[in-house]
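**Student:** what would the 3D arrangement of this be:
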Amino acid sequence: MIGFETEKLHDVASRLGLCHRAGRYLGSCGPDEIMDFARSLEVPEGSIAVRAKRFQGNHLSVGPSELSRKVGAILAERRDVDLENPEVEVRILISEGIHFFLGEELIDRSQFEGRKVGLRPFFSPISLHPRFARALVNLTGVKKGERLLDPFCGTGGILIEASLMGARVLGSDISEEMIQGCKENMEFFGAGFDRLERGDVGDIREMFGEVAAIATDPPYGRSTTTMREDLRNLHTRMMGSFADVLPPGRKLGLVLPRACTEAVHRLKLVDNHVQRVHRSLTRNYYVFAREPER
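**Tutor:** You can find the predicted model right below:
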């Protein structure tokens, strides 16, 4: 759970791709402290509803429905209950701890379904789902108005999400067909772009200069286009190029099918997340930060 100024909540929520809701964090407790913690809660005035959900099988002895009723009964001593249209919605997440927050922003996840791969004018079946493309962009920490590059842009899935989030986007691909398809897709979804160029990943410094962030899903399978270059050699070259265009401290969001555990070409590994797509494909979402010059 991330803390920030309340007035920025809507802007932050509008960037999210994998969340269902966002809101004000109220605090956390252990499973044996729930009732005392609920009595200490200070929530805004108005009718109330309490809803609980379990995450990944945590604390099976704590039932979400029973928890909602008990906490609701405590809070109802001071206000009305309205389960249909409450003015205040208290959400409880049963995770490694018991976490309480106010549900203030509902993420419109239907928008991502409208931009999924099969609905694009030009598509490739190996593209990331828009929700995961947006999550990758968020992992880079790019801000509105900053330049983000995808040097393996393909059909443009990552760039579409980054553009709709307010970034200035740049893209390149070794295939002219992909570049034209990317332009078609971005125009179809009303996503602007600064530049889209056909070119090799080794030329991104000359093409684009420094960028604030990189988010990319490079080739890693037989069905992808590498112009017959060995994948290991391609991946080694690309990391050097990425380091050349990122200023110190700025980040690269990278998807790979294999484990990567160490710094490469002045890029320090700072985070990783695993997505098991199916038996033969696991996606690793890595975040690298450009190390300072020595």
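
**Student:** okay, now the domains of the chain?
**Tutor:** Listed domain ranges for the chain are 6-106, 110-290 (source: automatic domain parsing).

**Student:** dump those into a markdown table; add mean neighbour count and mean pLDDT as well.
**Tutor:** Backbone N, C-alpha and C define where each C-beta goes, glycine included. Converted to a markdown table, the domains of the chain look like this (neighbours: other Cβ atoms under 10 Å; pLDDT from 0 to 100):
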| stretch | mean neighbour count | mean pLDDT |
| --- | --- | --- |
| domain 6-106 | 15 | 93 |
| domain 110-290 | 18 | 91 |
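
**Student:** name the next helix or strand following the longest helix along the chain along the chain.
**Tutor:** What stands out as the longest helix in the chain, according to DSSP state H, is helix 231-245. Note on helix 231-245: by DSSP states H and E, the next helix or strand toward the C-terminus is strand 251-256.

**Student:** what lies in contact with that next one?
**Tutor:** 128, 136-137, 139-141, 213-218, 220, 235, 242, 246, 267, 270, 283-290 (Cβ atoms under 8 Å, 6 or more residues apart in numbering).

**Student:** now, those residues that are in strands?
**Tutor:** Residues of the contacts of strand 251-256 located in strands (DSSP state E): 213-216, 267, 270, 283-290.

**Student:** tell me the angle the longest helix of the chain makes with strand 251-256.
**Tutor:** Taking axes from the mean of the first three to the mean of the last three Cα atoms, to 10 degrees, helix 231-245 and strand 251-256 form an angle of 170 degrees between their directions.

**Student:** how near is Ala243 to Arg290?
**Tutor:** For Ala243, the distance to Arg290 equals 6 Å [Cβ to Cβ, to the nearest Å].

**Student:** tell me the SS of the closest residue to Phe208 other than its chain neighbours?
**Tutor:** If you skip the residues right next to it in sequence, Phe208 has Leu170 as its closest partner in space, 5.2 Å away by Cβ to Cβ, 6 or more residues apart in numbering. Using DSSP: H, G, I helix; E, B strand; the rest coil, the structure places Leu170 in strand.

**Student:** same check, this time on Arg131
**Tutor:** In the three-state summary, Arg131 is assigned as helix, counting by three-state DSSP.

**Student:** that one: what's it in contact with?
**Tutor:** Going by Cβ under 8 Å, 6+ apart, Arg131 touches Gly17, Leu18, Arg109, Phe112.

**Student:** now do 7 Å
**Tutor:** With Cβ atoms under 7 Å, 6 or more residues apart in numbering as the criterion, the residues that contact Arg131 are Gly17, Leu18, Phe112.

**Student:** next one: Arg250
**Tutor:** Counting by Cβ under 7 Å, 6+ apart, Arg250 makes contact with Ala212, Ala213, Arg290.

**Student:** go again using 10 Å as the cut-off
**Tutor:** Contacts for Arg250 were tallied using Cβ atoms under 10 Å, 6 or more residues apart in numbering; they are Thr140, Gly141, Val142, Glu146, Glu210, Val211, Ala212, Ala213, Ile214, Phe288, Ala289, Arg290.

**Student:** and if you look at Phe193?
**Tutor:** Listed by Cβ under 10 Å, 6+ apart, the contact set of Phe193 reads 153, 156, 159-160, 162-163, 167-171, 182-183, 186-187.

**Student:** pretty sure it is in a strand, no?
**Tutor:** No. Assignment of Phe193 by three-state DSSP gives coil, placing it outside any strand.

**Student:** look up how far Ile94 lies from it.
**Tutor:** Spatial separation of Phe193 from Ile94 under the definition Cβ to Cβ is 43 Å.

**Student:** re earlier: next, format the contacts of Arg250 as CSV and append distance to Ala259.
**Tutor:** Shown next, in CSV, are the contacts of Arg250 (distance: Cβ to Cβ, whole Å):
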residue, distance to Ala259
Thr140, 20
Gly141, 23
Val142, 25
Glu146, 30
Glu210, 29
Val211, 26
Ala212, 27
Ala213, 23
Ile214, 20
Phe288, 14
Ala289, 19
Arg290, 21
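
**Student:** among those residues, which two are most distant?
**Tutor:** Across those, no pair lies farther apart than Glu146 and Phe288, at 17.2 Å, counting by Cβ to Cβ.
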